[in-house]
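*Asks:* Need a 3D model of the following:
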Amino acid sequence: MKLNCDMGESFGSWQMGNDEAVMPWIDMANIACGFHASDPDIMSDTVKQAVGCGVTVGAHPGYNDKMGFGRRPIPHSLESITNLVAYQVGALDAICQQHGTRVKYIKPHGALYHEMMNNPDVFEAIVIAAANMDIKPALMIQAMGDNELHKKMADKYLVPLIYEAYADRAYDDNGLLVSRSLPDAVHQDSAVILQQVKDLLSGEINTISGNRLVLKADSLCVHGDNLDAIALIQQIRQILKPADSAP
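*Replies:* From the prediction side, this is the model:
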């Protein structure tokens, strides 16, 4: 299982995250494309870091909403969703070429990600954007109890899917993330988080109600917002790849 992290979300002189400290420990960098965060210089610097660490570059497109950090849904036509994604991925891929690499996958950000997972039409609009690109990127989506509808639609357009899971989020019995507005939706105890990583490797996790849920994931999303988070990422790396636990 590979580690992915949202990266390059600074903007101008405003800094977010600890990209330089996190990059050596992950496998896949979801790089913001300038709409919910980032700018051309930040994008370039982040791609350069990824290439230097041998990290796969993915595009992290979102709604055009820096004030809301892309977490507010903005009504779009389906054609506009396709164009929104294509525009941002194309911009990041152009920068990638300056550093000798290409965008390998797409992971929508924030509200766009949630819309994709909850609305099949939005999902298809994003799949269409990926299918029409010459780089043929994969699409990263949330691993759920049942992803069959997503797989069938992606297969129709020959778009590969990457299923991701979260070590620090609670799941309900249907394989959905528990809303952050509810108690215990986000795990705070590192021991609980590390145990969920081990459970994800086995393909079954405990739900918030105490039941067992089969959940197959290819990638684990981590966040490096502070020093404690970086130390936790290092522990997760040790669990996933004990022989490769140092950058």
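
*Asks:* Relative to residue 99, how far out is the residue nearest to the spatial centre of the chain?
*Replies:* Nearest residue to the geometric centre of the chain (CA atoms, centre = their mean): residue 107, 5.0 Å. Per CB to CB, to the nearest Å, residue 107 is found 19 Å from residue 99. Glycine gets a C-beta too; all of them are placed from N, C-alpha and C.

*Asks:* And for residue 12?
*Replies:* Here residue 12 is placed at a distance of 21 Å from residue 99 (CB to CB).

*Asks:* What of residue 37?
*Replies:* For residue 37 relative to residue 99 (CB to CB), the value is 20 Å.

*Asks:* Give the residue from these two that has the larger number of neighbours.
*Replies:* residue 37 (25 against 17; other CB atoms under 10 Å).

*Asks:* May I see the buried residues of the helix ranked longest in the chain?
*Replies:* Across the chain, the longest stretch assigned as helix under DSSP state H is helix 78-98. Buried residues in helix 78-98, counted by 16 or more other CB atoms under 10 Å: 81-82, 84-86, 88-93, 95-96.

*Asks:* Run through the neighbouring helices and strands of it.
*Replies:* helix 40-53, strand 56-60, helix 120-131 (3 or more CB pairs under 8 Å, 6 or more residues apart in numbering; DSSP states H and E).

*Asks:* among these, which is the most enclosed?
*Replies:* The highest mean neighbour count among the helices and strands packed on helix 78-98, using mean count of other CB atoms under 10 Å, belongs to strand 56-60: a mean of 26.

*Asks:* Residues touching that one, excluding its own?
*Replies:* Defining contact as CB atoms under 8 Å, 6 or more residues apart in numbering, one finds that strand 56-60 is touched by 4, 6-8, 27-33, 47, 50-51, 88-89, 92-93, 96, 101-109, 137, 140.

*Asks:* Which neighbours in the sheet does that strand have, and how are they oriented?
*Replies:* Paired neighbours of strand 56-60 in the sheet (DSSP bridges): strand 28-32 (parallel), strand 105-106 (parallel).

*Asks:* angle of the longest one against helix 40-53?
*Replies:* Strand 28-32 and helix 40-53 meet at an angle of 170 degrees, taking axes from the mean of the first three to the mean of the last three CA atoms, to 10 degrees as the criterion.

*Asks:* send the alpha carbons of stretch 137-154 over as PDB?
*Replies:* Provided in PDB are the C-alpha atoms of stretch 137-154 (Å, rounded to 0.1, in the frame of the first residue of the first chain):
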ATOM      1  CA  PRO A 137      -4.000   9.400 -15.900                       C
ATOM      2  CA  ALA A 138      -5.500   7.200 -13.300                       C
ATOM      3  CA  LEU A 139      -8.300   8.500 -11.000                       C
ATOM      4  CA  MET A 140      -7.900   8.300  -7.200                       C
ATOM      5  CA  ILE A 141     -11.200   7.700  -5.400                       C
ATOM      6  CA  GLN A 142     -12.400   6.800  -1.900                       C
ATOM      7  CA  ALA A 143     -12.300   3.100  -1.200                       C
ATOM      8  CA  MET A 144     -15.800   2.200   0.000                       C
ATOM      9  CA  GLY A 145     -17.600  -1.000   1.000                       C
ATOM     10  CA  ASP A 146     -18.900  -1.100  -2.600                       C
ATOM     11  CA  ASN A 147     -17.200   0.700  -5.500                       C
ATOM     12  CA  GLU A 148     -18.700  -1.400  -8.200                       C
ATOM     13  CA  LEU A 149     -20.600   1.500  -9.900                       C
ATOM     14  CA  HIS A 150     -17.400   3.600 -10.000                       C
ATOM     15  CA  LYS A 151     -15.400   0.700 -11.500                       C
ATOM     16  CA  LYS A 152     -18.000   0.000 -14.200                       C
ATOM     17  CA  MET A 153     -18.100   3.600 -15.200                       C
ATOM     18  CA  ALA A 154     -14.300   4.000 -15.200                       C
END
